[in-house]
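Trainee: Below are the sequence and a predicted model for it; my questions follow.
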Number of protein chains: 2
Amino acid sequence: MKRDVDALLREQELDGLVVLGPGGHNPSLVYLLGQPAHLTDAWVVKKPDQMPVLYHWPMERDEAARVGVPTRDLTPFSRRRFLDAAQGDPFRAQVLQTLALLDDAGLGRGRIAVTGRVELGPHLSLWQAVQAERPGLRVEGRLAQQILRTARTTKDADEVARIRRMGALTVEVVGRVMDRLRGLRAGSDGLVVDAAGEVVTIGQVKAWVRRWVAELNAELPLAVIFAQGYDAGVPHSTGDDMAALRVGVPIVFDLFPQEAGGGYFYDFTRTWSLGYASERVQALHAQVEEAYRAALKVLRAGHAAETPYLAACEVLEGYGHPTPRTRPGTQEGFVHSLGHGLGLDIHEMPRLAAGQRDPLLPGMVVTVEPGLYYPRDEIGIRIEDTVWIDGAGQPQVLADFPHDLVLPLRG
Amino acid sequence: MKRDVDALLREQELDGLVVLGPGGHNPSLVYLLGQPAHLTDAWVVKKPDQMPVLYHWPMERDEAARVGVPTRDLTPFSRRRFLDAAQGDPFRAQVLQTLALLDDAGLGRGRIAVTGRVELGPHLSLWQAVQAERPGLRVEGRLAQQILRTARTTKDADEVARIRRMGALTVEVVGRVMDRLRGLRAGSDGLVVDAAGEVVTIGQVKAWVRRWVAELNAELPLAVIFAQGYDAGVPHSTGDDMAALRVGVPIVFDLFPQEAGGGYFYDFTRTWSLGYASERVQALHAQVEEAYRAALKVLRAGHAAETPYLAACEVLEGYGHPTPRTRPGTQEGFVHSLGHGLGLDIHEMPRLAAGQRDPLLPGMVVTVEPGLYYPRDEIGIRIEDTVWIDGAGQPQVLADFPHDLVLPLRG
């Protein structure tokens, strides 16, 4: 949890952590600030047992002040001011600028960790040059990510509340989509049509989703999966926007919105079949549901992270489906892991997958998403909820929504 | 331009360029692919005079195939497969995985450039270890960014068409906001009210904007600026969502949407005053308009990039306003540069600012955004258009919209 960052810094004998880059869509920085901020480019400096300090450009002073941590104006550190000392060489000026900033932060010597979501190339060169220039400084890359990843693996109450709010927003949008689809009817040729008799495309459905997510002030930075038939059978396929909705062909609807500006995610999937579902699809859906229940039952603090995955595999293998452990690399059956931690990134620790022996902990927030995929048969089925392991070590689904497969159409 | 990448690679004597990270919101990668793709994590390898090759995970094979460049499946390079050779050390496994990938791409030796928008920390350590492991390999960070930044400084016809489409979307949304605001009326206390007599907040206006941008299938990854009064006087302030709209107080509306998935941006600002504007605000707006015209007049291929900035300064200084060249670090008057290149990032080369002596070139797409800021007087004014320097070296505003200051209210 976030309060562990101080202990983790001390444990690694680090003098401080520097996180760079924009104030939004930059998980490490948003994590330290507690919220996304409208900052083009910032530095956040975190020393053990001290509040993080936010370095910001002067035009963004009000946005920086709103964050509620100590701030410092970057004006004295503009690169221009170092150009003379660097004899006009802009790269050298950036090295001097960086050292001046580190010195200002009291981190010009010693052992520091650096991270942030930035363009890699120039930073590879910059930090190499910074270290060459200042032998008394040791820059650790991996440790920054290790510390933050470790802390972020369990969520505090504020984080769980944010994820839960995104869950409420997610099921609100999914409910609106369901209502809208239920108002459609089956056309003559197996396609779904609206009141005017026009076919409805997957692209139209996605447009509703985008509109409703935006109205509710969230973002969809990673697209929307609304995939029918063959596409539903390929887990990360987003679906064909031009394709018309078809009756009786399963649709995987996977929605993962994020708080505006790059905050916390939610992750959620339902599989729907419009009008009716074939017996085989009904049977497979029931098997996925059974795997979901079996996994949830053992998703408890103290169990290994692989335990729920293995429980889902047991169920699905029992019905004769291939899984990665019975057929490595399979693209049919249960082809992926059971789930993943989720927070400021859509994929965080832990992984609910084979070989993950570390115990589940209270405060973890993970997806549970068993599925079955037979793309050649136009079948893909997945049921996914986001689940918090609460203070008592028990799983709590963070947003309730029915798992129903068949959405009856009008008339 | 993109076609220059081959020559730039050869010029720098690079054997290839490796771009890492997700398929969207990752400008270097999107640039090489020509479009955002729904890929969680990919490698794009570009060698001189060859098509880029896209390495993708198996679940994303269809999304990868849709891009239209040669693809390779990452399955043989999963980190798990290197764990044994790494004696269970995951970092060591990642080093071996990276070397295996480089070898597969024919870039395991020689001189390569690496970039991509990724979490910096782990990559600082990874690429240091990769080079230590393979003395015959030289990894250049800065060159990757230099080459791509140079190429991206001028846009080809496809890129200009994409930016122009985002411009059409931008003015569509701005027009809808204008129409909606014109339907409001002045309340008794200087606040703006709707038909039901309720005040309208800035947060409500931003919700309309978000909804319409989403409906039109674009994103707002960097927020919306709709800032009135004091906030309008601070260039990057996004405005106070809780504040009610006021009559006769200037509003800076700065909208910078991006193609869905992390593609091309547009950037656009108008300053509005609802109902009426004070004489001072009218005068300042006319001065900014004059600075805009003066800048546009000299925004031509062959002129130095600072020339339009200096032209705007001349006009505004002539009216007695401070600028960064008459009062360095000023937070009143014309406090920022004139504009910036724009493309897959909101800020690209060139900068239209003091000291920028390099010539403007056909194919550049830049913002022209003079402004005047007096936050203590509740005044901020900015007019911004995105402008393409066409093949004849002449400026073309990419989306037309009136510069009017006063939006009359109903009744």
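Mentor: Here it is on my side, so go on. Numbers count the residues shown, from 1 in each chain, chains lettered A, B, ... in the order given.

Trainee: roughly how far apart are A:D240 and chain B?
Mentor: 9 Å (Cβ to the nearest Cβ, to the nearest Å). In this view, the C-beta of every residue, glycine as well, is placed from N, C-alpha and C.

Trainee: number of nearby residues for that residue?
Mentor: Residues lying near A:D240 (other Cβ atoms under 10 Å in any protein chain shown) number 18.

Trainee: Ok, A:V139 next?
Mentor: A total of 22 residues lie near A:V139 under the criterion other Cβ under 10 Å.

Trainee: do the helix or strand where it lies and chain B meet at all?
Mentor: For A:V139, the host element (DSSP states H and E) is strand A:137-140. Yes. Strand A:137-140 lies within reach of chain B by Cβ under 8 Å from any Cβ of the partner chain, at A:V139, A:E140.

Trainee: List the buried residues for that strand?
Mentor: A:L137, A:V139, A:E140 (16 or more other Cβ atoms under 10 Å in any protein chain shown).

Trainee: same deal with stretch A:319-329?
Mentor: Those would be A:Y319, A:H321, A:P322, A:T323, A:P324, for stretch A:319-329 by 16+ other Cβ under 10 Å.

Trainee: So what touches the strand holding A:V139?
Mentor: A:12, A:14, A:102, A:107-114, A:127, A:130-131, B:121, B:124-125 (Cβ atoms under 8 Å, 6 or more residues apart in numbering or on different chains).

Trainee: Could you rerun that using 10 Å?
Mentor: A:12-15, A:17-18, A:99, A:102-103, A:107-115, A:127-128, A:130-131, A:146-147, B:121, B:124-125, B:128 (Cβ atoms under 10 Å, 6 or more residues apart in numbering or on different chains).

Trainee: Can you flag the buried ones in these?
Mentor: When the contacts of strand A:137-140 are checked for burial by 16+ other Cβ under 10 Å, the buried set is A:12, A:14-15, A:17-18, A:99, A:102, A:107-108, A:111-115, A:127-128, A:130, A:146-147, B:121, B:124-125, B:128.

Trainee: So what's the residue count around the residue nearest to A:D41 when sequence neighbours are not counted?
Mentor: Once flanking residues are discounted, A:D41 sits nearest to A:P22: 6.2 Å by Cβ to Cβ, 6 or more residues apart in numbering or on different chains. A:P22: 22 surrounding residues under other Cβ under 10 Å.

Trainee: Check A:E378 too.
Mentor: Around A:E378 there are 17 other residues, counting by other Cβ under 10 Å.

Trainee: For it, give its distance to chain B.
Mentor: A:E378 is 14 Å from chain B, by Cβ to the nearest Cβ.

Trainee: And for A:L20?
Mentor: 7 Å.

Trainee: Now that residue: closest residue in space that isn't a chain neighbour?
Mentor: According to Cβ to Cβ, 6+ apart, the nearest residue to A:L20 is A:G116 (3.6 Å).

Trainee: That neighbour against A:V45, yeah?
Mentor: No. Using Cβ atoms under 10 Å, A:G116 is not in contact with A:V45, being 11.6 Å away.

Trainee: any residues in contact with both of these two?
Mentor: Common neighbours of A:G116 and A:V45, using Cβ under 10 Å, 6+ apart, are A:V18, A:V19.

Trainee: Quick check: the residue nearest to A:D41 touching B:P221?
Mentor: Yes. Applying Cβ under 10 Å, one finds A:P22 in contact with B:P221, separated by 9.4 Å.

Trainee: Which neighbours do the two have in common?
Mentor: The contact sets of A:P22 and B:P221 overlap at A:G261, A:G262 (Cβ under 10 Å, 6+ apart).

Trainee: what about A:T238, how many neighbours?
Mentor: For A:T238, the neighbour count with other Cβ under 10 Å is 23.

Trainee: circling back to that earlier point, which of the contacts of strand A:137-140 fall within strands?
Mentor: A:L17, A:V18, A:G110, A:R111, A:I112, A:A113, A:V114, A:T115 (DSSP state E).

Trainee: Distance-wise, check the second one relative to A:V118.
Mentor: A:V18 sits 12 Å away from A:V118 when distances are taken as Cβ to Cβ, to the nearest Å.

Trainee: Then the third one?
Mentor: Using Cβ to Cβ, one obtains 22 Å as the distance from A:G110 to A:V118.

Trainee: Same question for the fifth one.
Mentor: Taken as Cβ to Cβ, the spacing of A:I112 relative to A:V118 amounts to 16 Å.

Trainee: before we move on, back to that, could you dump the buried residues of stretch A:319-329 to a markdown table with pLDDT?
Mentor: Listed next are the buried residues of stretch A:319-329 as a markdown table, based on pLDDT from 0 to 100:
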| residue | pLDDT |
| --- | --- |
| A:Y319 | 98 |
| A:H321 | 98 |
| A:P322 | 98 |
| A:T323 | 97 |
| A:P324 | 92 |
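
Trainee: Neighbours of A:I383, how many?
Mentor: Around A:I383 there are 21 residues (other Cβ under 10 Å).

Trainee: Which members of the ones in strands among the contacts of strand A:137-140 additionally contact chain B?
Mentor: For chain B, the contacts drawn from the ones in strands among the contacts of strand A:137-140 by Cβ under 10 Å from any Cβ of the partner chain are A:L17, A:V18, A:A113, A:V114, A:T115.

Trainee: and the residue of chain A most remote from its centre, what is it in contact with?
Mentor: Among the C-alpha atoms of chain A, the one most distant from their mean position (Cα atoms, centre = their mean) is that of A:Q87, at 44.2 Å. Contact analysis of A:Q87 by Cβ under 10 Å, 6+ apart lists A:A93.

Trainee: Ramachandran coordinates for it?
Mentor: Backbone torsions of A:Q87, given as degrees, to the nearest 10, read phi 50, psi 40.

Trainee: Distance-wise, check it relative to chain B.
Mentor: In this structure, A:Q87 and chain B are 15 Å apart, going by Cβ to the nearest Cβ.

Trainee: got it, and A:P235?
Mentor: On the measure of Cβ to the nearest Cβ, A:P235 and chain B end up 5 Å apart.

Trainee: burial of that residue, as a residue count?
Mentor: The local packing of A:P235 (other Cβ under 10 Å) involves 22 other residues.

Trainee: Do you know the pLDDT at the closest residue in space to it that isn't next to it in sequence?
Mentor: Distance criterion Cβ to Cβ, 6+ apart; nearest residue to A:P235, sequence neighbours excluded, is B:M59 at 4.7 Å. Confidence at B:M59, expressed as pLDDT, is 82.

Trainee: how about the helices in chain A?
Mentor: Ranges of helices in chain A, per DSSP state H, are A:5-11, A:27-33, A:61-67, A:90-104, A:120-133, A:142-152, A:157-182, A:202-215, A:279-297, A:306-318.

Trainee: in the third one, what's buried?
Mentor: Under the neighbour-count criterion of 16+ other Cβ under 10 Å, helix A:61-67 has A:R61, A:D62, A:E63, A:A64, A:V67 buried.

Trainee: now for it, which elements pack on it?
Mentor: helix A:27-33, strand A:42-46, strand A:53-56, strand A:71-73 (3 or more Cβ pairs under 10 Å, 6 or more residues apart in numbering or on different chains; DSSP states H and E).

Trainee: make it 6 Å
Mentor: Helices and strands touching helix A:61-67, as assessed by 3 or more Cβ pairs under 6 Å, 6 or more residues apart in numbering or on different chains; DSSP states H and E, comprise strand A:53-56.

Trainee: For the strand it packs on, report the contacting residues that lie outside it.
Mentor: The contact list for strand A:53-56 (Cβ atoms under 6 Å, 6 or more residues apart in numbering or on different chains) reads A:L39, A:A42, A:W43, A:V44, A:V45, A:A64, A:V67, A:V69, A:P70, A:T71, A:R72, A:L74.
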